[in-house]
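K.L.:
what would the 3D arrangement of this be:
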Amino acid sequence: MLDLVISGALVMDGSGAPGVVGSVGVAGDRIAVVAREGEEVPEAARMIGGSGLVLAPGWIDVHNHSDLSPLLLPTMPSTVRQGVTTVVVGNCGSSPYPLAGLEDAIWLANGGVDEVPRPSWTSYGDYLETTELAEPAVNIATLVGHGSLRRQVLGLDRRPPTAAELAGMRALASEAMEAGAFGLSTGLIYVPGSFAATDEIVEIAGAAADAGGLYASHIRGEARTLFAAVEEALAVGERAELPAHISHLKCDGAHVAGRSAELLATLHDAADATADQYPYTAWNSQLASLLPAWAPVADVAHLGRTDRPRLAAALDEEADGVGWDRIVVIQTAEGRFNGQDVSAIAGTLGVEPVDAVVRLLDADPTTSIVGHAMREDDVERIFSDPEVFVASDASATAPDGPGGDHPVHPRDYGTFPRALALARDRGLLPIETVVRKMTSLPAERFGIRDRGTIREGAFADLVLFDPAAVRDTSTYEASHAFPVGIGLVVVNGRIAWESNRSDEIQRSGRVLRR
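P.N.:
Residues are numbered from 1 along each chain as shown. Modelled structure (predicted):
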């Protein structure tokens with residue numbers, strides 16, 4: 001007898017082929033039977049009807065920041081209830097090991113510093129084992145962050161590494177790869193990644209290449225310097241001889257608006273490159289990410305009189321393609337400013353916007369912002385490319401969990417249902433193509449074996465959804481809202497969540513190792 005059978009659903013196997021009505025049977029953690037309508041299926045301990053619904057492989061989110069969620073919020077509700085069954089963490093150059101990267105990982109975890117357990121892992125393998133022992137609700141695959149490596153070896157020094165320091169960073173990257181990391185990530189707009197030259201990144205990426213991993217980059221610029229930054233990422237991949245992957249592909253601001261077709265052509269002309277996208281017109285980052293590399297957040301409040309005009313010019317140039325009235329603070333120590341744009345905050349304080357930025361950073365260096373910077377046509381054009389993955393750039397949260405008391409980006413709750421709804425409501429792509437963008441395509445690229453597809457012998461990570469009803473409900477004004485239309489999520493053969501038991505999440509995720 002099987003453990004679970006879902007029958008009568010339109011089964012989309014993740015390959016991009018149209019769905020076929022049939023049944024899927026699960027034994028243990030694997031798919032045991034895939035049968036077409038009319039074919040006999042063994043009895044199961046649990047039988048679920050899927051008539052009128054689509055059964056697909058569970059979504060694979062290759063750009064996620066739930067590095068510490070297994071310790072902080074192991075049920076990961078905003079992730080599970082989208083239908084996500086596997087997340088890749090360690091993105092944007094930030095990973096919780098080496099331990100020097102822990103503070104950045106804590107900020108990305110949607111929880112205050114005091115709310116996160118202070119781990120003391122002493123190796124990358126220990127970090128993976130600790131994560132696994134926490135029993136997360138979904139599968140966790142990891143990247144090792146270049147920023148964490150650099151901070152461990154050089155601290156916040158802005159200089160190039162010595163030969164010994166470079167070897168030290170590469171050795172730590174090799175340790176991570178040997179323990180099971182899937183590749184190296186960079187966050188080149190963030191400190192300390194912004195201090196690194198291309199040659200440094202190529203050398204460290206060589207450790208990932210030696211182990212068969214990939215290079216994933218939050219590139220050095222997504223606005224004025226977008227195309228140069230893309231070329232740098234592609235060059236790292238070519239020089240280090242490993243696949244390159246560009247995180248959250250976008251045309252950020254007026255200076256590159258309308259150039260999404262050119263951007264996609266650049267990507268597809270490369271020898272071995274891919275990208276992912278969250279389908280929203282606003283990004284979410286730290287306010288400090290707008291600072292120039294020569295003025296990291298720790299220095300801002302102490303700049304001399306001669307440097308302040310230079311900083312003001314740099315900040316104004318950074319915001320020029322967006323506008324201070326479209327950059328909204330969503331979390332800062334001075335809670336009264338949450339939900340207000342920088343122009344409005346400046347008006348309240350009676351100062352120029354750049355001075356308001358300095359005051360906000362002085363009060364809280366981790367101030368979080370949303371920038372409404374992308375045009376809808378660019379977002380839709382990138383989304384419509386069948387080879388660009390869907391990924392959230394989110395971290396797990398819940399209305400009553402850590403981070404539930406402050407706004408988040410809607411992508412934390414709605415990225416994958418939104419992708420399905422966009423394709424349906426605007427006719428941008430066939431649904432089976434969107435399913436492929438969220439399952440087998442990222443699984444193949446990141447080397448996540450036996451997941452992202454419905455076939456006999458594959459791991460039973462599944463999502464059952466209503467193609468006519470599925471959509472996101474989270475907004476910038478009311479962000480803590482779950483999507484609708486997701487009916488059932490299965491992780492490693494066990495039911496993780498059912499819509500008719502909405503307050504129950506069963507944790508059966510695993511730490512995946514390359």
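K.L.:
any stretches of the stretch 51-200 of the chain with poor pLDDT?
P.N.:
The model of the stretch 51-200 of the chain has pLDDT under 70 over residues 110-117.
K.L.:
cutoff 50 now
P.N.:
113 (pLDDT under 50).
K.L.:
show me where it has strands.
P.N.:
54-57, 59-61, 84-89, 139-142, 144-145, 183-187 (DSSP state E, counting those that start in this stretch).
K.L.:
to Ser95, which of those strands lies closest?
P.N.:
Nearest to Ser95 among those is strand 144-145 (3.7 Å), distances taken as C-beta to C-beta. Placement of C-beta: from N, CA and C, glycine included.
K.L.:
from the contact counts, what lies against that closest one?
P.N.:
Other elements packing on strand 144-145 under the criterion 3 or more C-beta pairs under 8 Å, 6 or more residues apart in numbering; DSSP states H and E are helix 163-179, strand 183-187.
K.L.:
want to throw these into JSON lines with distance to Gly221?
P.N.:
JSON lines is the format used below for the helices and strands packed on strand 144-145 (distance: least, C-beta to C-beta, whole Å):
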{"stretch": "helix 163-179", "distance to Gly221": "23"}
{"stretch": "strand 183-187", "distance to Gly221": "12"}
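K.L.:
mind checking which of those is nearest Arg224?
P.N.:
strand 183-187 (18.3 Å).
K.L.:
neighbouring contacts of the closest one?
P.N.:
Residues outside strand 183-187 that contact it (C-beta atoms under 8 Å, 6 or more residues apart in numbering) are 90-95, 143-147, 173, 177, 193, 196, 201, 204-205, 207-208, 213-218, 242, 245, 247, 446, 514.
K.L.:
among the residues you listed, name the ones in helices.
P.N.:
Among the contacts of strand 183-187, DSSP state H puts 146-147, 173, 177, 201, 204-205, 207-208, 446 in helices.
K.L.:
ok, the residues you listed vs Ala373, which is closest?
P.N.:
Gly147 (23.0 Å).
K.L.:
next secondary structure after the strand or helix carrying Val26?
P.N.:
In this assignment (DSSP states H and E), Val26 forms part of strand 20-27. Downstream of strand 20-27, the next assigned helix or strand under DSSP H and E is strand 30-36.
K.L.:
now the angle from that following strand to strand 20-27?
P.N.:
Computed by axes from the mean of the first three to the mean of the last three C-alpha atoms, to 10 degrees, the angle separating strand 30-36 from strand 20-27 equals 150 degrees.
K.L.:
what does strand 30-36 contact?
P.N.:
By C-beta under 8 Å, 6+ apart, strand 30-36 touches 2, 5, 11, 13, 20-26, 41-42, 454-460, 493.
K.L.:
stretch 434-442 now?
P.N.:
So stretch 434-442 is contacted by 12, 14-16, 54, 56-60, 62, 276, 386-391, 416, 419-420, 423, 429, 448, 452-453 (C-beta under 8 Å, 6+ apart).
K.L.:
cool, and stretch 219-234?
P.N.:
By C-beta under 8 Å, 6+ apart, stretch 219-234 touches 188-189, 194, 198, 215, 217, 244, 246-247, 250-253, 255-256, 259, 262-263, 266-267, 270, 273, 283, 317-318, 321-322, 373.
K.L.:
write the ChimeraX selection for whichever of those residues are buried.
P.N.:
Entered in ChimeraX, the line below selects the buried ones among these, by 16 or more other C-beta atoms under 10 Å:
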select :188,189,194,215,217,244,246,247,250,251,252,253,256,259,263,266,267,270,273,283,318,321,322,373
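K.L.:
now the chain, which segments are flagged as low pLDDT?
P.N.:
Checking the chain against pLDDT under 50 turns up 113.
K.L.:
pull the contacting residues for the closest residue to Ser508 other than its chain neighbours.
P.N.:
Once flanking residues are discounted, Ser508 sits nearest to Arg494: 4.1 Å by C-beta to C-beta, 6 or more residues apart in numbering. Each residue near Arg494 by C-beta under 8 Å, 6+ apart is listed here: 29, 506, 508.
K.L.:
what separation is there between Trp324 and Ile369?
P.N.:
Trp324 sits 11 Å away from Ile369, going by C-beta to C-beta, to the nearest Å.
K.L.:
list residues touching both of these two?
P.N.:
Common contact partners of Trp324 and Ile369 (C-beta under 8 Å, 6+ apart): Val342.
K.L.:
so which of the contacts of Arg494 wins on neighbours?
P.N.:
Ser508 (20 neighbours; other C-beta atoms under 10 Å).
K.L.:
helix/strand/coil for that one?
P.N.:
Following DSSP: H, G, I helix; E, B strand; the rest coil, Ser508 is assigned to coil.
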